[in-house]
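J.: Attaching a predicted model along with its sequence, questions to come.
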Amino acid sequence: MNKGHEVEVINESQAQVIDAAKQYASGFKASLAHSKGYALLFGTALNQLKEITPHGKFTELATIHFPEYSDRWMRTLMNFADNRKLKTEVTSVLPKGQLLLDLPEDERAELFAHVEKITGEKSIEQIAFEVVKAKAKAKPKAPINAVEKEQGHQKNMEAIGAHCEAALRRYLDLKPADRALVSRATRNSIDALCVRNGRESVALKKFNGGNQ
């Protein structure tokens, strides 16, 4: 038992998944040739363990039973195993009714070869990162409350106003010659911004008209 962790009572389902995961973790650590295949098995076991573990308890449980793996690395393996294409394709080489985590050791060679073929030159980390990006993209954005949106806009305008006021105070403290330099630089900046946006600004006309 690791110091600083209190081992919680686990049920039979968790115990079975943990035992399988430990076997896959050993294979992943020992076999460079089949690292992606064992990463799939280990990551799938961790995902299953998370599903049957009470909310908020998975990280602690996984840390206790797999102390040689950091939380970040375990989640990388979990995301790798959660790749949609990978999960879909590997089922094609499994016997009918055969569960991935129950696949006997002497029948894994075809699975491992298939995993290597599907993933190609991409590393475990690259595929895991693609899964993370896909999940983030698919996650619906929380609707913005109209009142909160208006309050946020008002705060932004107040902040801009405060910056403008501070800039104006500094401008007024300058010598006339320095004011002319600042005015010219400001006109050039506004002009460049308008050109970039493809239009002429009314503000630029007024600014030029007042400083000619």
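T.: The structure has been received and is ready for your questions. Residues are numbered from 1 along each chain as shown.
J.: hey, let's count contacts and neighbours off CA atoms from now on
T.: OK.
J.: I'd like to know how far I52 sits from L61.
T.: 12 Å (CA to CA, to the nearest Å).
J.: between these two, who's got more neighbours?
T.: Set side by side, I52 and L61 show more neighbours around L61, with 22 against 13, by other CA atoms under 10 Å.
J.: In this protein, where is pLDDT below threshold?
T.: 1-9, 142, 144, 191-212 (pLDDT under 70).
J.: Nearest residue to the residue most central in space within it in space, please, no chain neighbours.
T.: Note on the chain: the residue nearest the mean C-alpha position is V132, at 4.8 Å, using CA atoms, centre = their mean. Spatial nearest neighbour of V132, chain neighbours left out: N79 (6.9 Å); criterion: CA to CA, 6 or more residues apart in numbering.
J.: In this structure that neighbour contacts Q126, no?
T.: No - using CA atoms under 8 Å, N79 is not in contact with Q126; the gap is 10.2 Å.
J.: Keeping just the C-alphas, turn the host helix or strand of the residue nearest to V132 into PDB.
T.: For N79, the host element (DSSP states H and E) is helix 71-81. What follows is helix 71-81, C-alpha atoms only, in PDB (Å, rounded to 0.1, in the frame of the first residue of the first chain):
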ATOM      1  CA  ASP A  71      -2.000  10.100 -13.800                       C
ATOM      2  CA  ARG A  72      -1.100  12.000 -17.000                       C
ATOM      3  CA  TRP A  73       0.300   8.900 -18.700                       C
ATOM      4  CA  MET A  74      -2.700   6.800 -17.700                       C
ATOM      5  CA  ARG A  75      -5.100   9.300 -19.200                       C
ATOM      6  CA  THR A  76      -3.000   9.400 -22.400                       C
ATOM      7  CA  LEU A  77      -3.400   5.600 -22.600                       C
ATOM      8  CA  MET A  78      -7.200   6.000 -21.900                       C
ATOM      9  CA  ASN A  79      -7.500   8.500 -24.700                       C
ATOM     10  CA  PHE A  80      -5.500   6.400 -27.100                       C
ATOM     11  CA  ALA A  81      -7.900   3.400 -26.400                       C
END
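J.: most residues in a single helix of the protein, which one?
T.: helix 146-172 (DSSP state H).
J.: buried ones in it?
T.: For helix 146-172, the buried set under the neighbour-count rule, 16 or more other CA atoms under 10 Å, comprises Y171.
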